[in-house]
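>>> sequence? don't have it. structure:
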């Protein structure tokens, strides 16, 4: 250890050599000594060896010494110092390495302990020296763990929560329901942790659940006025699921109380119900496809027009669990009498109806009047009879959109008002053909549907009655009946419309004016429902035929009945 003033005096060689060696020794030992070297200049470093085992490296600024670091010979470490925090020691213990930090006034000292149990401990040494706060790594991790802290502090009572990707945020913990005193009467977005009294007396409305919910958050709603059964409350999951499905649900039982708890992104919100007057009223609506075909018209003889097909209508509607769908299947119109003393009856209406549904009614097909010159309006109209000219029966009566049927065909007169042939009855897919002279008009074609899984044509019109000895003509595809040739040796009734297709009846022959044999009848109607098999309740009346097609269950009603969703 040496110091030197770095001033080489003018002297003899032996003295010069000794003076130079002292200067070099001072450089080698960083100007070591127990006090600042004499002749020190600004910018000079020197090592204060007052404490021989932990000397202090100092910097002379021309006026004062600044301590830079403590050299620990025992631990072989360097503890750097600054004007705010001083490092007074680095030591090794049985449990780890201890770094002692203190402020410039040495009023606060903290031990930073790098523990061999994978902990970083912070311990305040002047108060509770045995107590500490620690950060500890898990025993094993499958990947690096990185956490992003919130940019701002939360509010009183909030807790840190993660989004599952290491981003932390403050959130209010789920701890019961805070009921809101203001009664809700229109749509709103709910807040996690709150309960609402919902009054649908004036109208139904929608509650939208919170966006980006976290596990354990809850929402509660109560039927304030006992009106959810008439004006339903809709609950919108807002991009999440309810009962594992991303669909709105309907609360439809009066005096119901529902609490929804968020689970995760797979299950979404799970509902539980409190008091309610009857069975569970929370349901996920689903769609049902409907085909509604009315009965076809009955025919007559005596050169009348063909009978009209029953109205053909389809509909897709959303239903809620518990909805009772009432099904009415219309019968075919009865045939008249060959001497035209009794009219051929129009077919009967078919329909579906239920709470919350748009009622769908298909009108019966037009029959044959007395006298039989004019057609009759209906789902599809009947054709005009001889002498009736263009007095056809009008289809789509009453009017629906899209149209449920078509007009009958016009008749011709041949040699006077009592000679000629009838027009064809209207079908769901086409008008009845006009009579091209003595030959009658064919029935209009029906419309095909694949609601059962296979294409089937329904509601064809009946064939018109031909003049004199002309042959009978065909009915329209879809169950329309063919007419009989005229003036055979015996009276022939014609062909009835096909059962459960809504087909119109074909005109009969009329040999012998006094004949009264009943003519052909219209085909009865049909109502078909197609719904997801997973939602099929098996609750029916009227004994429909139940089949499946793909993922759907098909209910075919050939008589009136009901289905409960």
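Thanks, I have it. All figures in this text were calculated on a predicted structure; none of them were measured in a lab.
>>> Test my guess that residue 472 contacts residue 493.
No - in this structure residue 472 lies outside contact range of residue 493 using CB atoms under 8 Å: 11.2 Å. Backbone N, C-alpha and C define where each C-beta goes, glycine included.
>>> Now do the contacts for residue 26.
Residue 26 makes contact with 2-4, 6, 37, according to CB atoms under 8 Å, 6 or more residues apart in numbering.
>>> can you do 6 Å?
2-4 (CB atoms under 6 Å, 6 or more residues apart in numbering).
>>> same check, this time on residue 74
residue 53.
>>> circling back to that earlier point, between residue 472 and residue 493, who's got more neighbours?
Taking other CB atoms under 10 Å, residue 472 and residue 493 do not tie; residue 472 has more neighbours (26 against 22).
>>> which phi and psi does that one have?
Per-residue torsions, residue 472: phi -70, psi 160 (degrees, to the nearest 10).
>>> Give me the nearest residue to it, chain neighbours excluded.
Spatial nearest neighbour of residue 472, chain neighbours left out: residue 483 (4.1 Å); criterion: CB to CB, 6 or more residues apart in numbering.
>>> That neighbour - how many residues pack around it?
So residue 483, with other CB under 10 Å, has 40 neighbours.
>>> My read is that it contacts residue 465, right?
Yes - shown here, residue 483 and residue 465 form a contact pair, counting by CB atoms under 6 Å, at 5.3 Å.
>>> tell me, what's touching those two both at once?
440, 507.
>>> Please tell me which one of the contacts of residue 26 counts the most neighbours.
Of these, with other CB under 10 Å as the count, residue 3 tops at 23 neighbours.
>>> pLDDT at that residue, what is it?
Per-residue pLDDT puts residue 3 at 82.
>>> got the contact list for it?
Shown in contact with residue 3 (CB under 6 Å, 6+ apart): 26, 31, 33, 37.
>>> For the closest residue in space to it that isn't next to it in sequence, give me its contacts.
The spatial neighbour of residue 3 that comes closest, neighbours along the chain excluded (CB to CB, 6+ apart), is residue 37 at 4.1 Å. By CB under 6 Å, 6+ apart, the contact set of residue 37 is 3, 31, 46.
>>> Turn those into JSON lines, columns for distance to residue 379 and secondary structure.
JSON lines is the format used below for the contacts of residue 37 (distance: CB to CB, whole Å; DSSP: H, G, I helix; E, B strand; the rest coil):
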{"residue": "3", "distance to residue 379": "121", "secondary structure": "coil"}
{"residue": "31", "distance to residue 379": "116", "secondary structure": "coil"}
{"residue": "46", "distance to residue 379": "114", "secondary structure": "strand"}
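>>> Now render the residues you listed as JSON lines, adding distance to residue 233.
Output for these, formatted as JSON lines (distance: CB to CB, whole Å):
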{"residue": "3", "distance to residue 233": "92"}
{"residue": "31", "distance to residue 233": "87"}
{"residue": "46", "distance to residue 233": "84"}
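>>> Now do the strands in the stretch 151-300 of the chain.
Remark: strands assigned in the stretch 151-300 of the chain by DSSP state E, counting those that start in this stretch are 159-162, 168-171, 178-179, 188-189, 194-198, 205-208, 218-223, 233-236, 249-251, 257-262, 269-273, 282-283, 286-293.
>>> Tell me which residues of the last one come out buried.
Just to be clear, that refers to strand 286-293. In terms of neighbour count (16 or more other CB atoms under 10 Å), strand 286-293 has its buried residues at 286, 288-293.
>>> so what pLDDT did residue 512 get?
So, for residue 512, pLDDT stands at 53.
>>> Kindly report the same for residue 185.
Reported pLDDT at residue 185 in the predicted model: 97.
>>> same check, this time on residue 300
pLDDT at residue 300 comes out at 86.
>>> For the residue nearest to residue 472, give me its contacts.
By CB under 6 Å, 6+ apart, the contact set of residue 483 is 440, 463, 465, 472-473, 494, 506-507.
>>> if I look at it, how far off is residue 370?
18 Å (CB to CB, to the nearest Å).
>>> Most neighbours of all the contacts of residue 483, which one?
residue 507 (47 neighbours).
>>> Redo the contacts of residue 483 as JSON lines? Include pLDDT, distance to residue 170 and secondary structure.
JSON lines is the format used below for the contacts of residue 483 (pLDDT from 0 to 100; distance: CB to CB, whole Å; DSSP: H, G, I helix; E, B strand; the rest coil):
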{"residue": "440", "pLDDT": "92", "distance to residue 170": "84", "secondary structure": "coil"}
{"residue": "463", "pLDDT": "96", "distance to residue 170": "80", "secondary structure": "coil"}
{"residue": "465", "pLDDT": "89", "distance to residue 170": "86", "secondary structure": "coil"}
{"residue": "472", "pLDDT": "90", "distance to residue 170": "86", "secondary structure": "coil"}
{"residue": "473", "pLDDT": "93", "distance to residue 170": "83", "secondary structure": "coil"}
{"residue": "494", "pLDDT": "89", "distance to residue 170": "83", "secondary structure": "coil"}
{"residue": "506", "pLDDT": "94", "distance to residue 170": "80", "secondary structure": "coil"}
{"residue": "507", "pLDDT": "91", "distance to residue 170": "83", "secondary structure": "coil"}
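>>> Between the residues you listed, which sits nearest residue 271?
Proximity of the contacts of residue 483 to residue 271 (CB to CB) peaks at residue 506, which lies at 57.7 Å.
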